[in-house]
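Visitor: what's the 3D shape of this:
(chains A and B)
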Amino acid sequence: MIQDYIGIGLLLLTAIGFCGGVLLFSALTAQKAHTNPAKDEAYECGLPAAMAEPRIRFSVKFYLIAVLFILFDIETVFLYPWAVVFRDMIQGGWTIFVAMLSFLGILAAAFVYAWRKGALDGR
Amino acid sequence: MSPVFSNLLAQPGVALAAEAAVKIAVVIVVLMGMVAYTVLAERRICALIQDRLGPNRVGAFGLLQPIADSFKLLLKENVLPGHVNRFWYVLAPTIAMAPPLLTLAVIPFGNTLAGFNLVIADLDVGVLWIFSIASLGVYGIVLAGWASNSKYPFLGGMRSAAQLISYEVPMGLSVVSVFLLVGSLKLSNVVAYQAGTWLIFKAPLAFLIFLVSAFAETNRLPFDLPEAEQELVGGYNTEYGQMKFALFFLAEYANMIVASALIVTLFFGGWQVPFVRVEAFGPILAGALGVAAFFVKLLAFIVFFIWVRWTLPRFRYDQLMRLGWRVLLPLALLNIVATALALALKLRA
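Guide: Have a look, this model is predicted:
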């Protein structure tokens, strides 16, 4: 029901207010920052700051994982409504079971392909 | 009560908002208290496991330690390092802290008390809400790593992103078998369904997958690679200090409490009291007993989380990825098919 979202909206405001309030309040209570050049440098365990180039190149494997995640997350979203209506619709026949089985079958084939290609190694 | 005020309260929207506001205030205060004392409990229990005493100086048994800690953090120097992207650097802890607060909205922490439902908003899509909001938490961590413009936070943030999204998939899939059995995404229905038998006995494999994923999603050992101290200094929060650091810290513990609450709700009967017919005690006492049962189960899980942290060593990164994608994901898919098949055979018999 739409009334339920009154609580959600209020909680959203509360959460934002809480986080913002904590940061604002702590800014008032905190000691004033005394900066010096060393404090303004990135933390690098004592190595010169020139070593601390943060925008390093990153392994493409991470992006592969991200793409696979999108694939399987969308699949999960499709499975939720199916799971909810399963109890009612299975009374009328096996269609709902077979339909999802074929969907999962196609997905499993893609999953096996990704596995064989080494996309799931994470290294 | 003045007539203006009572007239205002008679408006249906206003009454609902007032009810929600009271619940939110109670829930936030209880959550923050629990977070503070979970930190203390963690330090005391880890000391016990390692045969030490732990913090016991501030107040009796160290009970005032969380208050002393929060004052210390409030009074620290408010450093904004010169090399960070200022706006995103300040925004990141806020984004990390908000999701655990928001996911609490749909978790029923009791049945009814004096005619009020003990849940802030009992959405029809309760679990969808939890997953959609919980996955926002990764933005806070990635943003912190990126905005810090420093190597260790960056590596921690990237690892964290890969870990969180990898375990979100088995987590989301494992609960599908719960919804096959219950036939609803509404958490109050899930709890009502468990009046007789808890779902852990009907879907044990789903529980196991969910539990392991919950540990990974909350960055707790054995899956705390985003902040592996020995490799990454502090991980994504290395460049943070004062309350901005404290928000990340609070968020981590709030996440743990929310995850425990979710496990209790989905698999351990939520506020259902086992073996006792609480309705016999009258509505007020029955409601109170329900809330008590919920909190007892919740505390048990929090202790379990802490216990595991100080017992198991950390996974290696490739082991983590292999467990998530090659073990938990296929298991979760098989579990769905098996549950659906069993349910179909039972219902059509």
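
Visitor: C-alpha only now, for contacts and for neighbours.
Guide: OK.

Visitor: Residue nearest the middle of chain B, spatially speaking?
Guide: For chain B, the residue nearest the mean C-alpha position is residue B:258 (2.1 Å; CA atoms, centre = their mean).

Visitor: what about that one, distance to chain A?
Guide: When CA to the nearest CA, to the nearest Å is applied, the distance between residue B:258 and chain A equals 15 Å.

Visitor: try residue B:15
Guide: If you go by CA to the nearest CA, the gap between residue B:15 and chain A works out to 11 Å.

Visitor: how's chain A carved up into domains?
Guide: Annotated domains of chain A cover A:1-54, A:57-123 [automatic domain parsing].

Visitor: can you give me how far whichever strand or helix holds the residue nearest to the centre of chain B is from the chain middle?
Guide: Assessed by DSSP states H and E, residue B:258 sits inside helix B:242-267. Shown here is helix B:242-267, whose average C-alpha point lies 5 Å from the average C-alpha point of the whole chain (CA atoms, centre = their mean, to the nearest Å).

Visitor: That one packs against which elements?
Guide: Helix B:242-267 is packed against helix A:4-29, helix B:12-49, helix B:65-74, helix B:86-103, helix B:187-193, helix B:199-202, helix B:204-217, helix B:283-309, with contacts defined by 3 or more CA pairs under 8 Å, 6 or more residues apart in numbering or on different chains; DSSP states H and E.

Visitor: what's the angle between the second one and helix A:4-29?
Guide: With axes from the mean of the first three to the mean of the last three CA atoms, to 10 degrees defining the directions, helix B:12-49 sits at 60 degrees from helix A:4-29.

Visitor: Could you give the average pLDDT over helix B:12-49?
Guide: Per-residue pLDDT values across helix B:12-49 average out to 86.

Visitor: Quick one: list the elements packing against that helix.
Guide: For helix B:12-49, the packing partners by 3+ CA pairs under 8 Å, 6+ apart come out as helix A:4-29, helix B:3-10, helix B:65-74, helix B:242-267, helix B:283-309.

Visitor: mind listing what's buried in that helix?
Guide: Within helix B:12-49, the residues that qualify as buried by neighbour count (16 or more other CA atoms under 10 Å in any protein chain shown) are B:16-17, B:20-21, B:23-24, B:27-28, B:31, B:34-46.

Visitor: Report the angle between it and helix B:242-267.
Guide: Taking the same axes, to 10 degrees, helix B:12-49 and helix B:242-267 form an angle of 100 degrees between their directions.

Visitor: sorry, back to before: out of the helices and strands packed on helix B:242-267, which gets nearest to residue A:43?
Guide: Ranking the helices and strands packed on helix B:242-267 by distance to residue A:43, with CA to CA as the measure, places helix B:86-103 first at 15.0 Å.

Visitor: Looking at residue A:53 now. What's its pLDDT?
Guide: According to the model's per-residue confidence, residue A:53 sits at a pLDDT of 64.

Visitor: returning to what we had before: per-stretch mean pLDDT over the domains of chain A, give me the minimum one.
Guide: Looking over those, mean pLDDT reaches its minimum on domain A:1-54, with a mean of 78.

Visitor: ok, and does that one reach over to chain B?
Guide: Yes - applying CA under 8 Å from any CA of the partner chain, one finds domain A:1-54 touching chain B at A:1, A:3-8, A:10-12, A:15-16, A:19-20, A:22-23, A:26-27, A:29-35, A:39-44, A:52-54.

Visitor: For residue B:171, give me its contacts.
Guide: Going by CA atoms under 8 Å, 6 or more residues apart in numbering or on different chains, residue B:171 touches B:209, B:210, B:213, B:214.

Visitor: Go through stretch B:54-70 and flag the buried ones.
Guide: In terms of neighbour count (16+ other CA under 10 Å), stretch B:54-70 has its buried residues at B:54, B:55, B:62, B:63, B:64, B:65, B:66.

Visitor: ok, back up a step: give me the angle between the helix holding residue B:258 and helix B:65-74.
Guide: For helix B:242-267 and helix B:65-74, the angle between their directions (the same axes, to 10 degrees) works out to 140 degrees.

Visitor: Against which helices or strands is the longest helix along chain A packed?
Guide: For chain A, the helix that runs over the most residues, judged by DSSP state H, is helix A:61-89. Contact partners of helix A:61-89 among helices and strands, from 3+ CA pairs under 8 Å, 6+ apart: helix B:151-174, helix B:176-182, helix B:329-348.
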